[in-house]
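Asker: Below are the sequence and a predicted model; questions follow.
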Amino acid sequence: MYTYSEAIAYIENIPKFTAKNDQIHTAGFLRRLGIKTTGKGALKFKIIHVAGTNGKGSVCAFLSGILVKCGKQTGLFTSPHLLRHNERIRINDQVVSDALFLEAFEKVIQTVEEMIREGAAHPSYFEFLLGMGMYVFDRKNVEYILLETGLGGRLDATNVFQTPYLTVITSIGMDHMEYLGDTIEEIASEKSGIIKANVPVVYWGEDEEAAGVIERYAESNGSLAVKVSKKDYKIIKKTHKGVDFYPLCGYYLKSAFTVPFPAEYQVQNGMLALRAAEMLEDIKDHHESIRDGIAGTRWEGRMEEAVPGIIFDGAHNGPGIDGFIHAFQEYPCDGRKYILFSVVKDKDYDYMIRRLCDTDVSRIYVTRIDSDRGLDEKDILREFSKYNPAMEIKVVSDVREAFAQAVRDRSERDVLFCVGSLYLIGELKQEVSPC
């Protein structure tokens, strides 16, 4: 028997002794847990599979909120987590308890030990957590599962399920190029790998190159392709609490909706969830529940007002920082705007920093994430100095001290934005109590 802390330690050590496995391995692993990935048995769950560069987690959260409001027993599997591994597995929008998390771990570790005795490879970190999630969903008899891909789509462990109920592809941009390709078309091709024969796909189609790839994949699979773009909605009002908009198509023509985030990019994620909900026969007519589900969504670290005057946003790549900057520039503020920034080494930090130098920020606090992947604060400072030597920058190596100093420096009229990495947001989450 394991304690909770021992289970977490084991999971965290998995990358040290195993590598990524193919989907045949993942299917066999899940089958041992009683989870079928193909055939009639797989239809026990209605899986909504979500891929994309940015917005995957938000779309999953919106859809989970909708389904729960519609009275559906719903499982949500996402990554990464901010504070605790439990966050990756949710039932009806609630993070699983330590007791249920540990129960799932015990079941999975017993299965893994059996696999190893028989000469099979140990599941990867992501596979292991996917197995735990699927065990929990089976144990709780969920009807719907919102399943977010980890990396890419075509070769992702979540793509082992051959009969999803619906697929969704969010916005596609340049990220993880070392794995997915050097062009939008190549990355879109990897993401489009989740499209299955005769299964509808709802997708963000603002980028013509990405949309063309998705549409070709859908046509070759006989799948209905439902395109969503900026012309499908109109923004009515923006505040520091959310954005009001109305759709210009579908069942809700010119009917007001609200996304509870002060970022316009969340409207496109809300629209993707809305159009996906319209594809679900058993809830598509639950208009008020769908509206309330979107308005009531909570998703941490995405233009989240952690406490009044302090915003957390886990923008961690080029497209993400573009969306953050648009929200930052339009965010209502009677005082000054500050940014606390840190980033990991394997992201396009040059582009991110160059874009931040174009904003009207009053001061930037630079720090280093407590991780081997964290980019040294001196390197971050060098990049800022290269693009804007006159920018006011304070360098504080320790994340907590950097945050404390930024909080001390700001007045009640100022707003502090913490951005650059979900690792940064995870560390800062431990420093504040939610508002």
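Answerer: Sure thing, it's come through. Numbering: from 1, shown residues only.
Asker: Do a quick rundown of the helices in the stretch 151-300 of the chain.
Answerer: Along the stretch 151-300 of the chain, counting by DSSP state H, counting those that start in this stretch, helices occupy 177-180, 184-191, 208-220, 265-278, 287-295.
Asker: The closest residue to residue 419 other than its chain neighbours - how many residues pack around it?
Answerer: If the residues on either side of it in the chain are set aside, residue 419 comes closest to residue 313, at 4.8 Å by CB to CB, 6 or more residues apart in numbering. To be clear about C-beta, it is placed using only N, CA and C from the backbone, and glycine gets the same treatment. Using other CB atoms under 10 Å, residue 313 has 26 neighbouring residues.
Asker: who wins for proximity to residue 201 among the helices of the stretch 151-300 of the chain?
Answerer: For the helices of the stretch 151-300 of the chain, distance to residue 201 was read as CB to CB. The smallest value, 5.4 Å, belongs to helix 208-220.
Asker: and residue 354, that one's in a strand?
Answerer: No - secondary structure of residue 354 (DSSP: H, G, I helix; E, B strand; the rest coil): helix, not part of a strand.
Asker: quick one on the thing from earlier: single out the most deeply packed of the helices of the stretch 151-300 of the chain.
Answerer: helix 265-278 (a mean of 26; mean count of other CB atoms under 10 Å).
Asker: which outside residues touch it?
Answerer: 48, 54-55, 58-59, 62-63, 66, 166, 168, 170-171, 202-204, 206, 226, 228, 230, 232-233, 235, 243, 245, 247, 250-252, 257, 259, 283-284, 290, 293-294, 302-303, 323, 326-327 (CB atoms under 8 Å, 6 or more residues apart in numbering).
Asker: For residue 330, what are phi and psi?
Answerer: Torsion angles at residue 330 (phi, psi; degrees, to the nearest 10) stand at phi -90, psi -10.
Asker: Which residues are in contact with the residue nearest to residue 309 when sequence neighbours are not counted?
Answerer: Closest residue to residue 309 apart from its sequence neighbours, by CB to CB, 6+ apart: residue 415 at 5.4 Å. Residues in contact with residue 415 (CB under 8 Å, 6+ apart) are 309, 310, 311, 331, 333, 335, 336, 337, 338.
Asker: What distance do you get for residue 340 to residue 403?
Answerer: To residue 403, residue 340 is 6 Å away according to CB to CB, to the nearest Å.
Asker: nope, residue 269 is what I meant
Answerer: With CB to CB as the criterion, residue 269 and residue 403 are 27 Å apart.
Asker: if we can go back for a sec, can you pull up the bridge partners for the residue nearest to residue 309?
Answerer: residue 337 (DSSP bridges).
Asker: Please list the outside residues in contact with the helix or strand hosting residue 8.
Answerer: Assigned by DSSP states H and E, residue 8 falls within helix 4-13. Outside helix 4-13, the residues that touch it by CB under 8 Å, 6+ apart are 2, 85, 98, 101, 102, 105, 106, 109, 125, 128, 129.
Asker: Show me which of those are buried.
Answerer: 85, 101, 102, 105, 109, 125, 128, 129 (16 or more other CB atoms under 10 Å).
Asker: Serialize those to CSV and add fields for secondary structure and distance to residue 391.
Answerer: What follows is the buried ones among the contacts of helix 4-13, written out as CSV (DSSP: H, G, I helix; E, B strand; the rest coil; distance: CB to CB, whole Å):
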residue, secondary structure, distance to residue 391
85, helix, 38
101, helix, 44
102, helix, 48
105, helix, 47
109, helix, 50
125, helix, 38
128, helix, 43
129, helix, 40
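Asker: And those residues, which is closest to residue 91?
Answerer: Out of the buried ones among the contacts of helix 4-13, the member with the shortest distance to residue 91 (by CB to CB) is residue 101, at 11.3 Å.
Asker: pretty sure that closest one contacts residue 90?
Answerer: No - the pair residue 101 / residue 90 is not scored as a contact, 11.1 Å apart, by CB atoms under 8 Å.
Asker: how far out from the middle of the chain is stretch 26-35?
Answerer: Put simply, stretch 26-35 sits 25 Å off its chain's centre (CA atoms, centre = their mean, to the nearest Å).
Asker: how about it: buried residues?
Answerer: 26, 27, 28, 29, 30, 32, 33, 35.
Asker: Show me which helix or strand of the chain is least confident by mean pLDDT.
Answerer: helix 177-180 (a mean of 68; mean pLDDT, DSSP states H and E).
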